[in-house]
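Colleague: Build me a structure from this.
(4 chains)
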2 protein chains.
Amino acid sequence: MRQRMVVADPEGKITRASAIYAELRGAILDGTLAPGVRLNVRELSARFDTGLSPVREALNRLAMEGFAAHADNRGFVVSPVSVPELEDLTQARCWVNELGLRRSIALGDAGWEEAVLVACHRLSRTPRERTDGATGPNPAWNAAHKAFHQALVSACGSKWLIDTCSQLFDSAERYRSLARLAGVSRSDPRDEHREIMTAALDRDADRAAALLTEHFQRTAHLVRTVVGNRPG
Amino acid sequence: MRQRMVVADPEGKITRASAIYAELRGAILDGTLAPGVRLNVRELSARFDTGLSPVREALNRLAMEGFAAHADNRGFVVSPVSVPELEDLTQARCWVNELGLRRSIALGDAGWEEAVLVACHRLSRTPRERTDGATGPNPAWNAAHKAFHQALVSACGSKWLIDTCSQLFDSAERYRSLARLAGVSRSDPRDEHREIMTAALDRDADRAAALLTEHFQRTAHLVRTVVGNRPG
DNA sequence: CCGGCCTGATTGATCGATCATTGCTTGACC
DNA sequence: GGTCAAGCAATGATCGATCAATCAGGCCGG
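Modeller: Here you go, the predicted model:
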C-alpha cells in the first residue's frame, strides 16, 4: 500500500488570496495598518511574495466588509475612522447585542449558561498583555474577549444576529486597538464582564442588557477622544 | 484650444470588475441566476468578453455580500436558498426595520414625511409588470418598492441601520423573485404599503411597526412554500 | 504670479498563459 | 461486483506582462 505523497491536507488547503485576506484583516484590526494608509497592490504583492491577483481579491473582500475603502481606478485604502462612525457603530452594537442577549436569556438552555460561564472564566484567566516576552496586546485575550461576547448571544436562535454581532465586534476591535496604540486603556475596576455574566445567568434580562449597553458605551467613550484627535 | 478627446467621463468611469459585479448581482437578485448554479469563471469571462481577473473580483465581492458561496479551490456558486434562511432573514428584517421605522417616526421631520409620501405615491403609480412589451417584473417597480421601504427608515439617524435595511431588502428581493418565477405573487388587496405609510405619517409607531412586521411576514409566508419545494 | 495644459512617472486594472487542485474515468486487482 | 488508484480532463488559482487612468511637476500664456 503506497503512502500518500501529500500529508498536510486535512481540510486545510488555503489559497493565497484567503491567506492574504486573513493577514491584512488581522493587521487592520490590531492597528498595524493604520486608517487611511494606502494599500498599494504591487507593494503588498512584494511583501507577501506573490502575484497581483491574490492581493486584489483579498482587497476586494476587505472592501466589501468595510475594512478597506475602494474607489474605481483609485485603489484601496485602509478605511478611515471617525467619531461619527464610532457613534454609529456603538449604537448598532448596543441594539443588536441587546437583542441577542435578551433572546439568549429567554431561550438559552443549561448548555448556554455553561458556555457563558466558561467563556467568562477563560477571559478572566487570560492576561491582557502578551506573555511571550514581546510587548503589546495578547492575541489570546482578544480571542477570549470575542468568544465571551459571542457566547452571550449564541443562544438567540438567529444566525443573522450572531453573524452581525461578530462583524460589529470586529469593527469595534479596530477602534479598541487604535485607542490602545495611543496609550488609552481601561482600568476596568468593576470587572464588567463578570457583572454581565452574572446578570445573564440570573436571567435578569433588563439588568444584563443595561450592563452590556453601558459596557459598550464606556468603551466607546474611552476611544472617542483618541479618534477625535487623529491627524487623518 | 483643443477639445478633449474623451467626452463621456463625468464621474462615470466604471471598471469592468464593478460592471460585472453589478450585472451578476442583478441577475442573482431577479432570479435569472438560480440558487446553486455554478459560477464558472472562464464561462463568465467569455460571456462578458473580458479577462478572468475582473470576473474573479466581482465574484469575491458577491461572496462577501452573501449572494455567492465560495470555497477555496472549489469555485463559486450562487448562494443556495432555504426555508430556515428565509425565516432568519425575515426575522432580521422585522427587527431592523421596526427599529428604523420607530426611530424615524420619533425623529423624522416634515421632509421625511414628504419623502415617505412621495415614495408611496410613486410606488402605487408604477405598474408591477413591464410596460415595454416584454413580460416579467417591472424593474422600475422593484426600484420604487425599495425606495419606499428605505424612505420609511431614512430618518432613523443611523447609517448602519439604513445600510443594513438595504442589504436585507436585497437579500429578500431574491426570494421574492424566486417566488414570482414559480408563479406565486401577491394580490395585496389591502394596499399594505399605503396602510404603513398612513400609520407612519400619523406617528402611530406601534401600529406602523405592527403593519410593517405583518407585511414582511406575509410576504415570507407566500415565498415559503415555493422555497420548500425547490429541487436543490 | 496664477491658472491650465502637457508630459512623464506612478499606480490601478486587465489580459491570457501557466500552474495546481479537484473530481471523474478507467482498469487492474481482489 | 466492488475497491482503489493512476491517469486525465475540467476548473480554479496564480503569475507577470501589458494596458489605462491618475497624479505630480514643469512650462506657457495671460
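Colleague: of all of chain A, which residue lies closest to DNA strand C?
Modeller: A:Gly75 (2.8 Å; Cβ to the nearest atom of the strand). Where C-beta positions appear, they are placed from N, C-alpha and C, glycine not excepted.
Colleague: residue ranges of the helices in chain A, please?
Modeller: A:16-29, A:41-48, A:52-65, A:83-107, A:110-125, A:139-153, A:159-181, A:192-201, A:205-228 (DSSP state H).
Colleague: Of those helices, which is nearest B:Thr225?
Modeller: Closest to B:Thr225 of the helices of chain A is helix A:159-181 (Cβ to Cβ; 21.9 Å).
Colleague: Let's see the closest one as PDB, backbone CA atoms only.
Modeller: What follows is helix A:159-181, C-alpha atoms only, in PDB (Å, rounded to 0.1, in the frame of the first residue of the first chain):
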ATOM      1  CA  LYS A 159     -27.700  33.100  12.600                       C
ATOM      2  CA  TRP A 160     -28.000  36.600  11.200                       C
ATOM      3  CA  LEU A 161     -27.900  38.100  14.600                       C
ATOM      4  CA  ILE A 162     -24.900  36.100  15.600                       C
ATOM      5  CA  ASP A 163     -23.000  36.900  12.500                       C
ATOM      6  CA  THR A 164     -23.900  40.600  12.700                       C
ATOM      7  CA  CYS A 165     -22.600  40.700  16.300                       C
ATOM      8  CA  SER A 166     -19.400  39.100  15.100                       C
ATOM      9  CA  GLN A 167     -18.900  41.600  12.400                       C
ATOM     10  CA  LEU A 168     -19.700  44.500  14.600                       C
ATOM     11  CA  PHE A 169     -17.400  43.200  17.300                       C
ATOM     12  CA  ASP A 170     -14.500  43.200  14.800                       C
ATOM     13  CA  SER A 171     -15.300  46.700  13.600                       C
ATOM     14  CA  ALA A 172     -15.100  47.900  17.100                       C
ATOM     15  CA  GLU A 173     -12.000  45.900  17.800                       C
ATOM     16  CA  ARG A 174     -10.200  48.200  15.300                       C
ATOM     17  CA  TYR A 175     -11.200  51.200  17.400                       C
ATOM     18  CA  ARG A 176     -10.100  49.500  20.600                       C
ATOM     19  CA  SER A 177      -6.700  48.700  19.100                       C
ATOM     20  CA  LEU A 178      -6.300  52.300  17.900                       C
ATOM     21  CA  ALA A 179      -7.000  53.500  21.400                       C
ATOM     22  CA  ARG A 180      -4.600  51.100  22.900                       C
ATOM     23  CA  LEU A 181      -1.800  52.200  20.500                       C
END
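Colleague: That one near chain B anywhere?
Modeller: Yes. Helix A:159-181 lies within reach of chain B by Cβ under 8 Å from any Cβ of the partner chain, at A:Lys159, A:Trp160, A:Leu161, A:Thr164.
Colleague: a markdown table please, covering the residues you listed and showing pLDDT and neighbour count.
Modeller: Listed next are the residues of helix A:159-181 next to chain B as a markdown table, based on pLDDT from 0 to 100; neighbours: other Cβ atoms under 10 Å in any protein chain shown:
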| residue | pLDDT | neighbour count |
| --- | --- | --- |
| A:Lys159 | 98 | 15 |
| A:Trp160 | 98 | 22 |
| A:Leu161 | 98 | 23 |
| A:Thr164 | 98 | 23 |
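Colleague: So which residues on chain A come close to chain B?
Modeller: So far as Cβ under 8 Å from any Cβ goes, chain A lies against chain B at A:13-15, A:17-18, A:53, A:56-57, A:60-61, A:63-65, A:72-73, A:85, A:88-89, A:91-92, A:95, A:99, A:158-161, A:164.
Colleague: Show me which of the residues you listed are buried.
Modeller: A:17-18, A:53, A:56-57, A:60-61, A:63-65, A:85, A:88-89, A:91-92, A:95, A:99, A:158, A:160-161, A:164 (16 or more other Cβ atoms under 10 Å in any protein chain shown).
Colleague: that older thread, how about a markdown table for the helices of chain A, with distance to DNA strand D added?
Modeller: As requested, the helices of chain A are exported to a markdown table (distance: least, Cβ to the nearest atom of the strand, whole Å):
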| stretch | distance to DNA strand D |
| --- | --- |
| helix A:16-29 | 3 |
| helix A:41-48 | 7 |
| helix A:52-65 | 4 |
| helix A:83-107 | 23 |
| helix A:110-125 | 33 |
| helix A:139-153 | 24 |
| helix A:159-181 | 22 |
| helix A:192-201 | 39 |
| helix A:205-228 | 25 |
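Colleague: Give me whichever of the ones you listed is most buried.
Modeller: helix A:52-65 (a mean of 22; mean count of other Cβ atoms under 10 Å in any protein chain shown).
Colleague: Cheers, nothing more for now.
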